[in-house]
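Peer 1: after the sequence you'll find the predicted model.
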Amino acid sequence: MENQPTKLDKITKASIIVGILIMSLSVAYYFVVFLPQKEKLEIEQQIKEKEEKEKIAIEEIAKKETKIKEVQPSERALKAVAYALGSASKTQLKEFIEKFGNGTNDKYVAMRNMALSLDQKPEMLADIENLIGKPEQSVINVQQPSIQLQQPDYPKNCTSNTIGTYTYTNCF
């Protein structure tokens with residue numbers, strides 16, 4: 001009788017097996033479900049922090065640009081830049097925006113920056129103004145209007161008679 005398992009031994013074996021099974025399921029849940037979710041949350045938190053830092057950096061840049069915007073280009077320089085861009089091709093315009101746009105794709109920012117640089121280089125501004133003042137070799141023929149005045153048909157023979165204080169004029 002001693003070698004035969006008792007009812008208590010069977011229950012003990014079953015509870016040990018169930019306990020081991022529960023622990024293994026817990027460990028599996030921890031590695032398969034909990035850790036990936038935790039890492040995902042940490043990655044999302046890092047992304048949010050990074051975006052907030054970038055947002056703060058963009059706001060600081062915007063504040064600096066606001067200070068920069070206080071310096072306005074002269075009207076002369078803006079006109080010169082507008083004239084130069086008026087005859088530019090699409091490719092030249094794109095290159096201009098890349099060069100003077102400071103990373104933006106805005107034509108007006110590029111024009112403003114170019115005008116500010118022209119204000120700092122008056123000789124270049126004068127050269128552009130000289131080009132503006134000299135139109136291309138276009139010929140415009142303006143004819144003087146021919147004015148033909150007609151002589152009025154006034155009577156050519158007039159006689160005057162004075163009777164008392166009144167003067168009478170007869171024309172025919």
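Peer 2: On my side now, so go ahead. Numbers count the residues shown, from 1 in each chain.
Peer 1: I'd assumed S160 was in a strand, is it?
Peer 2: Yes: counting by DSSP: H, G, I helix; E, B strand; the rest coil, S160 falls inside a strand.
Peer 1: wait, it sits on Y168?
Peer 2: Yes: with contact defined as CB atoms under 8 Å, S160 reaches Y168; the gap is 6.9 Å. Just so you know, the C-beta spots here come from the backbone N, C-alpha and C atoms, and that holds for glycine as well.
Peer 1: so where's the chain shaky on pLDDT?
Peer 2: The model of the chain has pLDDT under 70 over residues 1-2, 65-70, 133-156, 172.
Peer 1: okay, now the domains of it?
Peer 2: What the record gives for the chain is the domain set 1-70, 73-133, from automatic domain parsing.
Peer 1: in CSV, list those domains along with mean neighbour count and distance to G164.
Peer 2: Output for those, formatted as CSV (neighbours: other CB atoms under 10 Å; distance: least, CB to CB, whole Å):
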stretch, mean neighbour count, distance to G164
domain 1-70, 10, 87
domain 73-133, 15, 73
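Peer 1: show me where the protein has strands.
Peer 2: Per DSSP state E, the chain carries strands over the ranges 158-163, 166-171.
Peer 1: mind checking how far the longest helix anywhere in the chain is from the chain centre?
Peer 2: Assignment by DSSP state H gives helix 35-69 as the longest helix of the chain. From the chain centre to the centre of helix 35-69 is a distance of 23 Å (CA atoms, centre = their mean, to the nearest Å).
Peer 1: how about stretch 78-91?
Peer 2: 17 Å.
Peer 1: next one: stretch 14-24
Peer 2: How far stretch 14-24 lies from its chain's middle: 67 Å, per CA atoms, centre = their mean.
Peer 1: and I132, how close does it get to A126?
Peer 2: I132 is 11 Å from A126, where distance means CB to CB, to the nearest Å.
Peer 1: actually Q92, not the one I typed
Peer 2: 22 Å.
Peer 1: check E75 too.
Peer 2: From E75 to A126 the distance is 15 Å (CB to CB).
Peer 1: repeat that for C171.
Peer 2: Noted for C171: a distance of 68 Å to A126, by CB to CB.
Peer 1: which non-adjacent residue is nearest the residue most central in space within the chain?
Peer 2: Among the residues of the chain, the one closest to the centroid is D106, at 3.5 Å (CA atoms, centre = their mean). With CB to CB, 6 or more residues apart in numbering as the criterion, D106 has its nearest non-adjacent residue at 7.4 Å, and that residue is I97.
Peer 1: quick one: the one you found and M111 touch, right?
Peer 2: No: between I97 and M111 there is no contact under CB under 8 Å: 9.1 Å.
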